[in-house]
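1. the following block contains a protein sequence and its predicted model.
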Amino acid sequence: MAVSRGQRTEDRGQESLAYRFSLWAVPLFFRFLSVMLFSTCRVERRGYGNFTQFADSASSFIAAFWHYGVIYTVHQARGLPYVAMVSPSKDGEYISRILQSKGFATVRGSRSKGGIGALKGLIREIRKGKTGVLVADGSQGPAREAQAGSILLASHTGVPIVPLGWAASSYWTFRSWDKTALPKPFSRIVMLYGEPLYVPKGADPQQIEEHRQELEKRLNDLYEKGWEEFGRKEH
């Protein structure tokens, strides 16, 4: 059966209306869910001074973490003027709205689309005093393999990278490339903060690669130490 042009236009309009409504509703639902869920959890911190030495003095830095932990890390990342890179995709708009609802500034881009422009945007915001937030393995992975974005950003701005990670006694995982994890209610969560990684300003390609490998090692060390506390090798 043929569908008229008017029907297609109406369908697109209804889809657009539903999408606009969801952009308003999803951040509210996320905030409600995170407060209700995570307020029941007991949090222990390891190496917290590596974070507070910059946060308490309002000094800019870059927070880097693996993609699997993005939901809880975003919940923890509050109280500072953060700026984050978010995918320019339609799904990325939800993440951008959620982050903005928590006080983040966002720039849009990814490794495959708009990455250079987004990196420049992050550099501008960090030079204004904001703290950068980057998923070290990117939006598409491979999981727990660091990309060069955090290193390039640190090299251009001169601010250190603080690796972050977390593990939980009980959690859910999603069927995604990174097995995104979500702590369950009343779980014990260990939040880990690694030693800051400094990258030389104007680092050459060899230095970029050396520091990328070092960031990957530090993040995986945190990952393994965290899950070892619960008798696991990985989540």
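-> Okay, I see it. Because the structure is a prediction, the values reported are computed rather than measured.
2. quick one: contacts for G165?
-> If you count contacts by C-beta atoms under 8 Å, 6 or more residues apart in numbering, G165 has them with F65, W66, G69, M191, L192, G194, L219, L222, Y223, G226. C-betas here are computed from N, CA, C, even on glycine.
3. got a pLDDT number for the last one?
-> What it means is G226. Model confidence at G226, given as pLDDT, is 98.
4. lowest-pLDDT helix or strand in this structure?
-> The weakest-scoring helix or strand in the chain, judged by mean pLDDT, DSSP states H and E, is helix 5-38 (a mean of 72).
5. contacts for whichever helix or strand comes after that one next, please.
-> Per DSSP states H and E, helix 5-38 leads on to strand 42-46 as the next helix or strand towards the C-terminus. For strand 42-46, the external contacting residues (C-beta under 8 Å, 6+ apart) are S187, R188, I189, V190, M191, L192, Y193, K225, G226.
6. for the fourth one, which residues are in contact?
-> By C-beta under 8 Å, 6+ apart, the contact set of V190 is V43, E44, R45, R46, W166, A167, A168, G226, E229, F230.
7. select only the buried ones of the residues you listed in ChimeraX?
-> Only the buried members of those end up in this ChimeraX selection, burial being decided by 16 or more other C-beta atoms under 10 Å:
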select :46,166,167,168,226
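8. what's the most distant pair in the contacts of V190?
-> Longest distance between any two of those is 15.7 Å, between R45 and F230; criterion C-beta to C-beta.
9. can you list the contacts of G165 in a markdown table and add distance to D56?
-> Listed next are the contacts of G165 as a markdown table, based on distance: C-beta to C-beta, whole Å:
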| residue | distance to D56 |
| --- | --- |
| F65 | 20 |
| W66 | 25 |
| G69 | 23 |
| M191 | 16 |
| L192 | 18 |
| G194 | 17 |
| L219 | 23 |
| L222 | 21 |
| Y223 | 26 |
| G226 | 23 |
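10. ok, the residues you listed vs G109, which is closest?
-> For those, the nearest to G109 is F65 (18.3 Å; C-beta to C-beta).
11. now the closest one: closest residue in space that isn't a chain neighbour?
-> Computed as C-beta to C-beta, 6 or more residues apart in numbering, the closest residue to F65 that is not its neighbour in sequence is L164, at 4.2 Å.
12. can you count the residues close to the one you found?
-> 24 (other C-beta atoms under 10 Å).
13. you'd agree it is up against G226?
-> No: the criterion here is C-beta atoms under 8 Å, and L164 misses it with G226 at 10.3 Å.
14. and the end-to-end length of stretch 223-235?
-> Counting by C-alpha to C-alpha, to the nearest Å, you get 9 Å between the two ends of stretch 223-235.
15. name the nearest residue to Q213, sequence neighbours excluded.
-> A146 (7.6 Å).
16. residues in contact with that neighbour?
-> When contacts are counted by C-beta under 8 Å, 6+ apart, A146 is found next to A64, A136, D137, R212, Q213, L215, E216, L219.
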